[in-house]
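Participant: Curious how this folds, go ahead:
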Amino acid sequence: MPDHTPNHDLRRRIDELGPWFHNMELDGIRTAPDHFLGDYPGFQWERLRPALPADLGGLNVLDIGCNAGYFSIRLKQEGAARVLAVDHDPRYLAQARLAAEVAGVAVEFREMSVYDLPRLGERFDLVLFMGVLYHLRHPLLALDLIHAHAAADLLVVQSLERGAGTAGALAADHDFSEHAIFDRDDYPRLHFVEHAYAGDPSNWWIPNRACTEAMLRSAGFTILSRPADEIYLCRRR
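Facilitator: This next block holds a predicted model:
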């Protein structure tokens, strides 16, 4: 006789929406128990949370590239007044809607990319931009659009980084004859991936730390802190 218990039905719904990149626990069921990063993105949240305002009450939040909605749900659970979560992938949004349903929280989901931000027509107290930058063909444009059309105050950025993990001081200008500066390991570098990285053809540009920080400054953000490797808390200038 078929098993129609609520837990069995949830397992079926989770499997139908797979594979999942967010390893979430939905009513005791792990969505990606064999994830190569383990408890992802749970461990990222633990690294990020201490850097966020202690009281999230009343905040209007935008989660760009929400995937299965882990961060959106956590922010709503911790008191954010409103969370709008966007992603270009309808399957990720279906996963996120299921996760929010199981968690019993009200999150708004919308299918759109970071390049669509101008049509939102509103700004947010807190913008999350986690694990998206290196998947974009036009990463600096994306940061410019966030600055111009979304972030009213705080921005959190997490990006995969490769190369030197240091960011040295650089002069504001260099003579045309200068060559050596470009060979420094801590010079801002954006590594272009022509085909794929880690089996993923959507990995387009991978910055080093100096490049991530330089792009954030260039787009009009002040870096307040780096609470963990590859994570930046910024304020809009």
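Participant: For stretch 20-40, could you pull out the residues that count as buried?
Facilitator: 20-24, 26, 31-32, 35, 40 (16 or more other Cβ atoms under 10 Å). For the C-beta atoms, the positions are set from N, CA and C on the backbone; glycine is no exception.
Participant: In strands only, show me those residues.
Facilitator: residue 26 (DSSP state E).
Participant: what helices or strands is the helix or strand of the chain with the lowest mean pLDDT leaning on?
Facilitator: Across the helices and strands of the chain, mean pLDDT, DSSP states H and E gives its lowest value to helix 6-16, namely a mean of 92. Under the contact criterion of 3 or more Cβ pairs under 8 Å, 6 or more residues apart in numbering; DSSP states H and E, helix 6-16 touches strand 29-30, helix 90-103.
Participant: As PDB, could you dump the C-alpha coordinates of that helix?
Facilitator: The C-alpha trace of helix 6-16 is given here as PDB (Å, rounded to 0.1, in the frame of the first residue of the first chain):
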ATOM      1  CA  PRO A   6       3.200  13.900   5.200                       C
ATOM      2  CA  ASN A   7       6.900  13.100   5.600                       C
ATOM      3  CA  HIS A   8       6.800  10.800   2.600                       C
ATOM      4  CA  ASP A   9       5.000  13.400   0.500                       C
ATOM      5  CA  LEU A  10       7.600  16.000   1.400                       C
ATOM      6  CA  ARG A  11      10.400  13.600   0.400                       C
ATOM      7  CA  ARG A  12       8.700  13.100  -2.900                       C
ATOM      8  CA  ARG A  13       8.400  16.900  -3.500                       C
ATOM      9  CA  ILE A  14      12.000  17.500  -2.500                       C
ATOM     10  CA  ASP A  15      13.200  14.700  -4.900                       C
ATOM     11  CA  GLU A  16      11.100  16.100  -7.800                       C
END
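Participant: who touches the most centrally placed residue in the chain in this structure?
Facilitator: In the chain, the centroid-proximal residue (Cα atoms, centre = their mean) is residue 130; its distance is 1.1 Å. If you count contacts by Cβ atoms under 8 Å, 6 or more residues apart in numbering, residue 130 has them with 41, 44, 63, 65, 71, 156-158.
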